[in-house]
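Visitor: Quick one: sequence plus predicted model below, questions after.
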Amino acid sequence: MERSKQVVKCWKDLIAVEEKVNEVLKRLKKNYIKPLRTNEGKYMLPAMKPKDQSLLSKHHHKILFRDLETMEKLSTQFLIELKDESNNKSEKEINMGILYTFCPYFVLHKTHIDNLDGIIGLLEKLMHGDKFYTYVLSKCRHVMEDDIYHLMLKPVDALLYYSKLAHKLVLNTEDDHKYLEDLKGADAKLAQLFASVKKAIPVYQQLLE
């Protein structure tokens, strides 16, 4: 396959990966992050009154979801920009620098993986509480993919795909492309991030099987 077609394919693959990641993050936000937080900073079941016992402490909510809301916002913007470039530009004009611009988003993926041991440990403790267990069960009764464990673990391999696709783009982008240096910077950063979590990813992938 000629290099220009490889670039187009890689860009489409990036969009496909981000669509899946974005869907998971939006489900987390809709089913867990927002419902477990009120404007008063209380963390409780939607049916509970303020005077009732809180479902989650503010501290526990922060441990579980500390970066996920920011990730969802960045993922949505990343996906919009990926699609805009794909729809409006030829492969020679695609702004490869988008990947470099969104390096802080990729860093949050690494941070999420680094925090997963603590997140899973806290979830296991919280699931012993009747109210939290009932709430989680209510969210995944009809769609098991909405189980909180599944949603927390699903994005762990995204860095692998980001890194692979960024490197393929570097290999297939012409030397005179105006965004090549930015792309190389993103490739190097993603390789570094992926290397730091490479051993952990298979462990968490097994939990989804």
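Guide: That came in fine, so what should we check first?
Visitor: Just name the shakiest helix or strand of the protein by mean pLDDT.
Guide: Least confident helix or strand, the chain: helix 130-140 with a mean of 86, by mean pLDDT, DSSP states H and E.
Visitor: in that helix, what's buried?
Guide: Buried residues in helix 130-140, counted by 16 or more other CB atoms under 10 Å: K131, F132, Y135, V136, K139, C140. The way it works is simple: take the backbone N, C-alpha and C, and place the C-beta from them, glycine included.
Visitor: Not counting sequence-adjacent ones, nearest residue to the fifth one?
Guide: Spatial nearest neighbour of K139, excluding adjacent residues (CB to CB, 6 or more residues apart in numbering): N31 at 4.6 Å.
Visitor: got the residue ranges for the helices in this structure?
Guide: Using DSSP state H, the helices of the chain run over residues 3-28, 58-65, 68-88, 97-101, 103-126, 130-140, 148-153, 158-172, 180-197, 200-206.
Visitor: for the least confident helix or strand of the chain, packing partners?
Guide: In terms of contacts (3 or more CB pairs under 8 Å, 6 or more residues apart in numbering; DSSP states H and E), helix 130-140 is packed against helix 148-153.
Visitor: Contacts for the helix it packs on next, please.
Guide: Residues outside helix 148-153 that contact it (CB atoms under 8 Å, 6 or more residues apart in numbering): 24, 27-28, 31-32, 64, 116, 119-120, 123, 136, 139-140, 144-145, 204-205, 207-208.
Visitor: Residue ranges in this protein under the pLDDT threshold?
Guide: 1, 38-54, 88-89, 142 (pLDDT under 70).
Visitor: now with 50?
Guide: 39-41, 50-52 (pLDDT under 50).
Visitor: which of the contacts of helix 148-153 are buried?
Guide: Using 16+ other CB under 10 Å as the burial test, the contacts of helix 148-153 include 24, 27-28, 31-32, 64, 116, 119-120, 123, 136, 139-140, 204 as buried.
Visitor: between these, which is nearest I94?
Guide: V24 (25.7 Å; CB to CB).
Visitor: quick one, phi psi at D176?
Guide: phi -100, psi 10 (degrees, to the nearest 10).
Visitor: Report how many residues lie close to it.
Guide: 7 (other CB atoms under 10 Å).
Visitor: so what's it up against?
Guide: Contacts for D176 (CB under 8 Å, 6+ apart) come out as none.
Visitor: what about E2, neighbour count?
Guide: Look at E2: counted by other CB under 10 Å, it has 7 neighbours.
Visitor: rewinding a little: take the buried residues of helix 130-140 and write them to CSV, including distance to Q192.
Guide: Putting the buried residues of helix 130-140 into CSV (distance: CB to CB, whole Å) gives the following:
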residue, distance to Q192
K131, 42
F132, 37
Y135, 38
V136, 35
K139, 36
C140, 35
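Visitor: Now the two most distant members of those residues.
Guide: With CB to CB as the measure, no two of the buried residues of helix 130-140 lie farther apart than K131 and C140, at 15.8 Å.
Visitor: now stretch 67-87, how far from the centre of its chain.
Guide: Centre-to-centre, stretch 67-87 and its host chain are 10 Å apart (CA atoms, centre = their mean, to the nearest Å).
Visitor: Give me the contacts around it.
Guide: Residues contacting stretch 67-87 (CB under 8 Å, 6+ apart): 11-12, 14-15, 18-19, 21-22, 25-26, 28-29, 33, 94-95, 98, 102, 104-105, 108-109, 111-112, 115, 155.
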